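> Take a look and give me a structure for this.
(4 chains)
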Number of protein chains: 2
Amino acid sequence: MNDSRELILNTSLRLFLQKSFKEVTMKEIVTETGMSKGAFYHYFSSKEQVFEEVINFFYGDVMAVKYGSFPKDSLRAFYNEYIAHIERQMKTAKYAMGADFTTNHYMLIFDGLRMLPHFREEHTERQKEEMKAWTDIVRIARKKGEIKSDMTDSQIAKMFIYSGDGVGINFIMSDSLHKAAREIHPLWDGLYNMLKG
Amino acid sequence: MNDSRELILNTSLRLFLQKSFKEVTMKEIVTETGMSKGAFYHYFSSKEQVFEEVINFFYGDVMAVKYGSFPKDSLRAFYNEYIAHIERQMKTAKYAMGADFTTNHYMLIFDGLRMLPHFREEHTERQKEEMKAWTDIVRIARKKGEIKSDMTDSQIAKMFIYSGDGVGINFIMSDSLHKAAREIHPLWDGLYNMLKG
DNA sequence: AAAAACAAACCGAGCGTTCGGTTTTATATT
DNA sequence: AATATAAAACCGAACGCTCGGTTTGTTTTT
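Okay, the predicted model is just below:
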């Protein structure tokens, strides 16, 4: 229920993934939803409010990563699941918001970090969580003999995380984020094989 | 000579590194330079023109990387020089534009990619150049016996490039880009030691 | 009939830009 | 050295327009 409100949210999310907060205009949101300004302001009190709801929805639901459900006894299984998870998310997001279009969620993050104080905290929290999940699985993999290395657990974790982020930002810049997973896979395999011995 | 023009360029660069093109206003540029709108439009024909000159200056001069002058016979020397180079650039840039402030050059890139077609081409060219420089030194290092690995040259190159980019984007998001080099160093050392065998 | 959902006309603030004019600097003339 | 002339540098009020937001009016639902 409340189709209109969700339509506005989805449309706004799509626009905020394509352009910065300032670049997306009310006229645009209203035109793309096929509604009027009156309708918009019936459901939202301001452009900033819809932005906040969009960003909370995007990072709280669409892009949320539940590390708890990831494999807990193999690094290889863990990173394979991570990649599969990302690919699933992107497919779902694409389906929910219509056809293909150029996305840049870093635009959303940058705006969020500058406009919403609570988003900065949550973002830091998410980073810590990701770091912990990777460090944990690395420690376990080392203990189980799956890998061995002179690097510390957190250094290995960082190599996975940072290389993944690097692939992401580079593929976003060339408008081909959908190919990112395919790029990461062989790189993480290579990294893993080095760690194996 | 032409101090005013350069003052406008430096001030605009500083602002465009802090906020997006749309967020930076003419009033702001004019106030920060201590000049008038009339003076600005004496030197530049539009806000877009100064943006284009700023971005050309930033990527053509300030942030340009001359791989040609990098060590050509050791991967370890190469990446150490790379880090030193980045640190030097950041110090120079900071000095040229006054005191400390939060920078996010990805904002600049995103705007540039969407607004300036020629920037997209140049950016792609720069990426190819970086990829070639790293692949070359990796191939040489392998041939000389400095490293050995099952990964291809370009895969190893990508691991260095992507992990560096990942560190960059993450430290930008936490407003501490100046610490990025210190984070990369141990990671690249760890990666290098694995490659050494 | 009352309330919710929407549409359309409208508003003032702020945007980038323009333009008529003044001040400063450089060059030429005496 | 003093004066006249021209060019460059600079100023800020005002313009047209778009922005996010509001008000008023109409339709739909309950």
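> okay, CA-based contacts and neighbour counts for the rest of this
Fine.
> Mark out where each domain of chain A begins and ends.
Split into domains by automatic domain parsing, chain A comes to A:3-56, A:63-196.
> Identify the single longest helix in chain A, thanks.
helix A:117-143 (DSSP state H).
> what is the rounded mean pLDDT of that helix?
Across helix A:117-143, pLDDT averages out at 97.
> by contact count, what packs against the helix or strand following it?
Of the helices and strands lying after helix A:117-143 in sequence (DSSP states H and E), the nearest is helix A:153-173. The helices and strands touching helix A:153-173, judged by 3 or more CA pairs under 8 Å, 6 or more residues apart in numbering or on different chains; DSSP states H and E, are helix A:117-143, helix A:180-196, helix B:153-173, helix B:180-196.
> For chain A, identify the residue most remote from the centre.
A:Gly38 (32.4 Å; CA atoms, centre = their mean).
> and the longest helix of chain A, which residues are buried?
Using 16 or more other CA atoms under 10 Å in any protein chain shown as the test for burial, helix A:117-143 gives A:119-120, A:123, A:130-131, A:133-142.
> Also stretch A:30-38?
Quick answer for stretch A:30-38 (16+ other CA under 10 Å): A:30, A:33.
> Contacts for it next, please.
A:7-8, A:11, A:26-27, A:40 (CA atoms under 8 Å, 6 or more residues apart in numbering or on different chains).
> if we go to 10 Å?
Residues from elsewhere that reach stretch A:30-38 (CA atoms under 10 Å, 6 or more residues apart in numbering or on different chains): A:4, A:7-12, A:15, A:25-29, A:39-40, A:42, A:44.
> Looking at those residues, which are in helices?
Counting by DSSP H, the contacts of stretch A:30-38 contribute A:4, A:7-12, A:15, A:26-29, A:39-40, A:42 to helices.
> ok, and of these, which contact DNA strand C?
Contacts with DNA strand C within the ones in helices among the contacts of stretch A:30-38, counted by CA under 7 Å from any atom of the strand: A:4, A:39, A:42.
> how far away is the first one from DNA strand D?
Pointing back at A:Ser4 there. 12 Å (CA to the nearest atom of the strand, to the nearest Å).
> On the pLDDT front, check that residue for me.
94.
> and it, how many neighbours?
14 (other CA atoms under 10 Å in any protein chain shown).
> Of the ones in helices among the contacts of stretch A:30-38, just say which sits nearest to DNA strand D.
A:Met26 (3.6 Å; CA to the nearest atom of the strand).
> excluding its backbone neighbours, what's nearest the closest one?
A:Lys47 (7.1 Å; CA to CA, 6 or more residues apart in numbering or on different chains).
> Just the buried positions in the worst-scoring helix or strand of chain A on mean pLDDT, please.
Every helix and strand of chain A was ranked by mean pLDDT, DSSP states H and E. The lowest is helix A:75-96, at a mean of 93. Across helix A:75-96, burial judged by 16+ other CA under 10 Å covers A:75-76, A:78-83, A:85-87, A:89, A:93.
> Poorly predicted segments of chain A, please.
A:1, A:99 (pLDDT under 70).
> Nearest residue to the middle of it?
A:Met63 (4.5 Å).
> residue contacts, that one?
Per CA under 10 Å, 6+ apart, neighbours of A:Met63: A:57, A:85-86, A:89-90, A:92-93.
> Kindly recompute the last result at 8 Å.
A:Gln89.
> looking at the helices and strands packed on helix A:153-173, which is closest to B:Lys19?
helix B:153-173 (13.0 Å; CA to CA).
> Could you give the separation of the closest one from the chain centroid?
Computed by CA atoms, centre = their mean, to the nearest Å, the separation of helix B:153-173 from the middle of its chain amounts to 13 Å.
> quick one: that helix to helix A:153-173, angle?
Angle between the axes of helix B:153-173 and helix A:153-173 is 90 degrees (criterion: axes from the mean of the first three to the mean of the last three CA atoms, to 10 degrees).
> Report the buried residues of helix B:153-173.
In helix B:153-173, counting by 16+ other CA under 10 Å, buried: B:153-173.
> how many degrees apart are it and helix A:117-143 in direction?
140 degrees.
> residues in contact with helix B:153-173?
A:110, A:113, A:159, A:161-167, A:169, A:187, A:190, B:103-104, B:131, B:134-136, B:138-139, B:177, B:179-180, B:183-184, B:188.
> what do you get for stretch A:83-100?
By CA under 8 Å, 6+ apart, the residues outside stretch A:83-100 that reach it are A:10-11, A:14, A:62-63, A:65, A:178, A:181, A:185.
> out of these, which are buried?
A:10-11, A:14, A:65, A:178, A:181, A:185.
> Could you pick out the residues of chain A near chain B for me?
A:22-23, A:107, A:110, A:113, A:149-151, A:155, A:158-159, A:161-167, A:169, A:173, A:187, A:190, A:194-195 (CA under 8 Å from any CA of the partner chain).
> among those, which are within reach of DNA strand D?
Okay, of the residues of chain A next to chain B touching DNA strand D (CA under 7 Å from any atom of the strand), that's A:22-23.
> Tabulate the contacts of stretch A:83-100 (TSV), appending distance to A:Met97.
Formatted as TSV, these follow (distance: CA to CA, whole Å):
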residue	distance to A:Met97
A:Asn10	6
A:Thr11	7
A:Arg14	7
A:Val62	11
A:Met63	14
A:Val65	20
A:His178	15
A:Ala181	20
A:His185	26
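> export stretch A:140-158 as PDB, just CAs?
Provided in PDB are the C-alpha atoms of stretch A:140-158 (Å, rounded to 0.1, in the frame of the first residue of the first chain):
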ATOM      1  CA  ILE A 140      39.900 -18.600  11.100                       C
ATOM      2  CA  ALA A 141      41.300 -19.600   7.700                       C
ATOM      3  CA  ARG A 142      44.800 -19.200   9.100                       C
ATOM      4  CA  LYS A 143      44.100 -21.200  12.200                       C
ATOM      5  CA  LYS A 144      42.500 -24.000  10.100                       C
ATOM      6  CA  GLY A 145      45.600 -24.000   7.800                       C
ATOM      7  CA  GLU A 146      43.600 -22.800   4.700                       C
ATOM      8  CA  ILE A 147      46.100 -20.000   4.300                       C
ATOM      9  CA  LYS A 148      49.500 -19.000   5.700                       C
ATOM     10  CA  SER A 149      51.100 -15.600   5.500                       C
ATOM     11  CA  ASP A 150      53.500 -13.100   7.200                       C
ATOM     12  CA  MET A 151      50.900 -10.400   6.900                       C
ATOM     13  CA  THR A 152      48.600  -9.700   9.800                       C
ATOM     14  CA  ASP A 153      44.900 -10.700   9.700                       C
ATOM     15  CA  SER A 154      43.800  -7.100   9.300                       C
ATOM     16  CA  GLN A 155      46.300  -6.500   6.500                       C
ATOM     17  CA  ILE A 156      45.000  -9.400   4.500                       C
ATOM     18  CA  ALA A 157      41.500  -8.200   5.200                       C
ATOM     19  CA  LYS A 158      42.400  -4.800   3.900                       C
END
